[in-house]
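Chemist: Pasting the sequence and the predicted coordinates here, then a few questions.
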Amino acid sequence: MPKLTIDGIAVDVAPNTTILQAAESVGVEIPRFCYHDRLSIAGNCRMCLVDVEKSPKPVASCAMPVGEGMVVHTKSPRADKARAGVMEFLLINHPLDCPICDQGGECDLQDQAMAYGFDRGRFQENKRAVRDKEMGPLVATSMNRCIHCTRCVRFATEVAGVPELGATGRGEDMEITTYLEKALSSELSGNVVDLCPVGALTSKPYAFTTRPWELRKTESIDVMDAVGTNIRVDARGREVMRILPRINEDVNEEWLADKSRHACDGLRYQRLDKPYVRVMGKLQTATWQEAFDAIAGRLLGTPGNKVAALAGDLTDVESMFALKELLVTLGSHNLDCRQDGAAIDPTVRASYLFNSTIAGIEHADALLIIGANPRKEAPILNARIRKRFLRGGFKVGVIGEVGDLTYKYESLGGTAEVLSAIADGRHPFADVLKAAKAPMLILGMAALTRAESAAILGAARRVADTCGLVKDGWNGFNVLHTAAARVGGLDVGFVPGPGGKDTRGILDGAAGGEIDVVFLLGADEIDTARLGKAFVVYQGHHGDRGAHRADVILPGAAYTEKDGTYVNTEGRVQRANRAVFPPGEAREDWTIIRALSEVLGKTLPFDNLAQLRKRLAAANPVFATTDAITPAAWGAFGGNGAIATTGFDYPVVNYYMTDAISRASRTMAQCSESFASGAASRKTGTHG
């Protein structure tokens, strides 16, 4: 290992480590604009110049590997003078936009100019003018500010896998632009705003709304998909202004999907802020007591087996646990958290988890994707797959029609019966899995929501057994969920009890008159027409599909408005924190259920969140710890039978509108019009 000295500090580092990386390892900060530790090295900005003894000129520390005995000075007069010169060149053409720039207060160029800038310029020529580019509804451009660091270009090409950004021209004529002047078609495009060290790329929906020092920052968890991305919610007053990613190397690294970042404006529209009761066929505002009395009056005399509950995709674990406890006291076992009717075995935890973990993708060397489209269903997870693919030695096979996943894969067929051939060893890809040291498969919801899904689940388990996917220290069997609430609901047991009905049974029972009362806990992704004449109680935060069918509406809190527990697709228990208060008379969901239980004479045995979480941990030890993976025991699950020779119906057709919040978002509506409609036109061969 090379040994060198940085500012008098001796350090040993691995071979091929750069000077900048070595300096960071001992806490020495070197300014930079183009360098980013998750992107390839460009060496464009030269801001990271350092003074290396015996070197005739300053050295770009981001691109220079360390050498044995090297002596580096990062704060010498020569290094400071070199950086001051670089800063002077960078500011030649930079406009004086700081007072009106959305990057103000969070600008790397501002920060470095304070340290290395000069109070006047020596250049008399006119500043360069560059035409702004159109990058779609999410990214605003002011290309006069661009310093050509190419972070955005490298991110689009390397991480997002959508090489739609590049540089044209040379010298003063160089410009960063999209090819053919079209919007960025990546589900991760908003990350270029975080990467931009100046104000050249900013958030278009957030433009000119507030300043960063006006915001109250709350660490939380994203619920727009099942990845469990760590986020920071920035709010002003009672309004969520923006959502940014937090670093979590095990989950999302430092990236955030576009829907998770920009759908937050949906929290302002179509909100339920007071109780409603249907009178003479029309919903009318009511007090909480009137709403509870209407529910109690309808439940009076109703047998428990005629009461049912469905939990939605954005529901927190505490609310599902409270509602389950209430239904059990009412004598009902008709409850389910699988709105799509997925054939998941809740008794074997390993059968519904992403057992390899998201970070574990980087250790795999072969992958079989079955009925899943990770790019649409979990863009952050898909970026991790691409990251592993770029290292090489990673074969990917796909069963189903998924289009561009941003990495090369072998199409094994568009129909599901191919899985049986792999499980029986009759398909060549079975040999690929057997030869791999750490093979894995990803089973998607499109494969688990078919009539013969139990057989598909059983075939996937046979693949895991016969192809060596499960071994000491490695479990390559993975289920990719699309709902943030799904794993938590399964862990808490929000599934049919003895003799209880599942989602299909509840809907069929309601249509046939066997179910009289249905609780919808944020459940909007069902066919409400199948609820028949049942008395429907909807508890949620948006006036979406479930609220339109409801007889009583109880206004709940969105994920940014409550302290809640969520479990991501890999089984990681995470806590979301309240950033703002819910609007009007809306309340946190578990408190509504607790209050209702008292009116019904079935008072639940907890009075605060701490007591509820204590009972939750007692019911399932998984909830005793947070942000940790509890490996699940491998067991028997799935069924046998023939698999139909049909393709998959993928759950995410329009990535930008998948839930009540994103459907209420005006930004997502613009994205849907720009991207989803365009994709549909290209697919059908039409042009609008």
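Modeler: Alright, I've got the coordinates. Since the model is a prediction, treat every value here as computed from it, not as a measurement. Residues are numbered from 1 along each chain as shown.
Chemist: I'd say Leu390 and Val159 touch.
Modeler: No: applying CB atoms under 8 Å as the test, Leu390 and Val159 come out as separate, 9.3 Å apart. Where C-beta positions appear, they are placed from N, C-alpha and C, glycine not excepted.
Chemist: Which one's more surrounded, these two?
Modeler: Shown here are Leu390 and Val159; by other CB atoms under 10 Å, Val159 has more neighbours (23 against 12).
Chemist: wait, that one sits on Ala383?
Modeler: Yes: counting by CB under 8 Å, Val159 does reach Ala383; the two are 5.7 Å apart.
Chemist: Which neighbours do those two have in common?
Modeler: Leu188, Trp255 (CB atoms under 8 Å, 6 or more residues apart in numbering).
Chemist: got the buried residues for stretch 635-653?
Modeler: Neighbour-count burial for stretch 635-653 flags Phe637, Gly638, Ile643, Phe648, Tyr650, Pro651, Val652 (criterion: 16 or more other CB atoms under 10 Å).
Chemist: What of stretch 33-42?
Modeler: For stretch 33-42, the neighbour count (16+ other CB under 10 Å) marks Phe33, Cys34, Tyr35, His36, Leu39, Ile41, Ala42 as buried.
Chemist: how about those residues in TSV, adding distance to Ala322 and pLDDT?
Modeler: Output for those, formatted as TSV (distance: CB to CB, whole Å; pLDDT from 0 to 100):
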residue	distance to Ala322	pLDDT
Phe33	50	95
Cys34	51	95
Tyr35	49	95
His36	44	94
Leu39	45	95
Ile41	52	94
Ala42	53	93
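Chemist: What is the nearest of those to Asp7?
Modeler: The closest of these to Asp7 turns out to be Tyr35 (CB to CB; 18.6 Å).
Chemist: Tell me how far the closest one lies from Ile41.
Modeler: 7 Å (CB to CB, to the nearest Å).
Chemist: same question, Arg386
Modeler: In terms of CB to CB, Arg386 sits 19 Å off from Ile41.
Chemist: ok, now Glu88?
Modeler: 24 Å.
Chemist: Then Cys152?
Modeler: Relative to Ile41, and taking CB to CB, Cys152 is found at 16 Å.
Chemist: cool, and Met87?
Modeler: Using CB to CB, Met87 is found at 21 Å from Ile41.
Chemist: Then Gly489?
Modeler: For Gly489, the distance to Ile41 - CB to CB - is 45 Å.
Chemist: ok, now Val277?
Modeler: From Val277 to Ile41 the distance is 63 Å (CB to CB).
Chemist: Please apply the same query to Asp258.
Modeler: Relative to Ile41, and taking CB to CB, Asp258 is found at 27 Å.
Chemist: and whichever strand or helix holds Met320, which residues are buried?
Modeler: Element membership for Met320 (DSSP states H and E) is helix 317-329. Neighbour counts over helix 317-329 (16+ other CB under 10 Å) mark Val317, Glu318, Ser319, Met320, Phe321, Ala322, Leu323, Lys324, Glu325, Leu326, Leu327 as buried.
Chemist: how far is the following helix or strand past that helix from where the chain is centred?
Modeler: As assigned by DSSP H and E, the chain's next helix or strand after helix 317-329 is strand 334-336. How far strand 334-336 lies from its chain's middle: 27 Å, per CA atoms, centre = their mean, to the nearest Å.
Chemist: how about a markdown table for the buried residues of helix 317-329, with pLDDT added?
Modeler: Formatted as a markdown table, these follow (pLDDT from 0 to 100):
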| residue | pLDDT |
| --- | --- |
| Val317 | 97 |
| Glu318 | 96 |
| Ser319 | 96 |
| Met320 | 96 |
| Phe321 | 97 |
| Ala322 | 96 |
| Leu323 | 97 |
| Lys324 | 96 |
| Glu325 | 96 |
| Leu326 | 96 |
| Leu327 | 95 |
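Chemist: Now for Leu441: which residues touch it?
Modeler: Taking CB under 8 Å, 6+ apart as the test, what Leu441 contacts is Leu367, Leu368, Ile369, Ile370, Leu433, Ala460, Val463, Ala464, Leu469, Gly476, Phe477, Asn478.
Chemist: isn't Asp97 right up against Arg145?
Modeler: Yes: look at Asp97 against Arg145 with CB under 8 Å: they come within range, at 6.4 Å.
Chemist: Surely Arg375 and Val398 touch.
Modeler: No: the pair Arg375 / Val398 is not scored as a contact, 11.3 Å apart, by CB under 8 Å.
Chemist: any shared contact partners between the two?
Modeler: Shared contacts of Arg375 and Val398, defined by CB under 8 Å, 6+ apart, are found at Leu405.
Chemist: quick one: the helices in the stretch 551-688 of the chain?
Modeler: In the stretch 551-688 of the chain, the helices defined using DSSP state H, counting those that start in this stretch lie at 589-599, 609-619, 660-664, 666-671, 677-684.
Chemist: Just name the most buried of these.
Modeler: The highest average neighbour count among the helices of the stretch 551-688 of the chain, using mean count of other CB atoms under 10 Å, belongs to helix 660-664 at a mean of 24.
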